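Asks: Sequence plus predicted model, see below.
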Amino acid sequence: MADTRTAENLLEIDGIETCYGLSQVLFGLSLSVRSGEMVALMGRNGMGKTTTIRSIMGMTPARGGEIRFAGEKVRSLPSYKIAKLGIGLVPEGRQIFPNLTVYENLVAASGNRLGSPDPWTIDKIHALFPRLAERTDNMGVTLSGGEQQMLAIGRALMTNPKLLILDEATEGLAPLIREEIWSCLSMLKGRGQSVLVIDKNVANLSKIADRHYIIERGRAVWTGTSEQLIAEPDLQHRYLGI
């Protein structure tokens, strides 16, 4: 595979090896996200997608290779320092604070540490997801799954990240909620937000993502544009099970 490194790369993963104990999951994985780009990471369950995210965030540190964010090597940094550099994570399973209100969830880690000229605010999150405005005093545990996903996205955006990462963006959500999430991601791309997204919906991803990586057993086996992905249905059947 060609080396995609450029001076514009915001995130660069170069040949990382990640293990859980003696079990190796990632085998020399490389990928990149350029500034202002939306990149999709796809593959069947158990192929290493979430482990890739955990490696980026330092939650399961890679044992080999290199990870750079905004030009800084981050593979050996603790998770909180990586987040402070400007990565907002919407984790698989949402992981909102159940005993805090919607408002408290949004402001818990909010800040404009990187000096964005147009920072996210509570009002902007409410405009993006009106349901959250209606439930501002509700405890997180009382929200539906879709509302919790909106809250998780809003919470990440309130950190004003350079890069937004979504692990399983629409998994398990009702169709109408899924469409709302895809509309949100399309809007974020229009704002120039850099995004790395994991999801299984090729049709939606191909409409908004600039590039795609397919991961198989811990290795990136294909990368290309949306046009190239759509043009290769056999590839989708082979690696995505659709």
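Replies: The structure has been received and is ready for your questions. Since this is a predicted model, take the numbers as computed values, not measurements.
Asks: got the residue ranges for the helices in the protein?
Replies: Ranges of helices in the chain, per DSSP state H, are 49-57, 79-84, 102-107, 122-128, 130-134, 145-157, 175-190, 202-208, 226-230, 233-240.
Asks: How about the third one, which residues are buried there?
Replies: When burial is assessed from 16 or more other Cβ atoms under 10 Å, helix 102-107 yields the following buried residues: 102-103, 105-106. C-beta here means a position set from N, CA and C on the backbone, and glycine is covered the same way.
Asks: Equivalent analysis for the second one, please.
Replies: When neighbours are counted by 16+ other Cβ under 10 Å, the buried residues of helix 79-84 are found to be 79, 82-83.
Asks: And stretch 64-81, by the same measure?
Replies: Quick answer for stretch 64-81 (16+ other Cβ under 10 Å): 65, 67-70, 74-75, 77, 79.
Asks: of all the residues you listed, which comes closest to residue 192?
Replies: For those, the residue nearest residue 192 by Cβ to Cβ is residue 70; the value is 15.3 Å.
Asks: Who are the contact partners of the closest one?
Replies: 10, 85-86, 162 (Cβ atoms under 8 Å, 6 or more residues apart in numbering).
Asks: pLDDT and distance to residue 197 added to those residues, as CSV?
Replies: Shown next, in CSV, are the contacts of residue 70 (pLDDT from 0 to 100; distance: Cβ to Cβ, whole Å):
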residue, pLDDT, distance to residue 197
10, 97, 14
85, 95, 19
86, 96, 17
162, 96, 15
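Asks: Which of those residues has the largest number of neighbours?
Replies: In terms of neighbours by other Cβ atoms under 10 Å, the contacts of residue 70 top out with residue 10 at 21 neighbours.
Asks: I figured that residue was touching residue 38, is that so?
Replies: No. Taking contacts as Cβ atoms under 8 Å, residue 10 lies outside contact range of residue 38: 11.6 Å.
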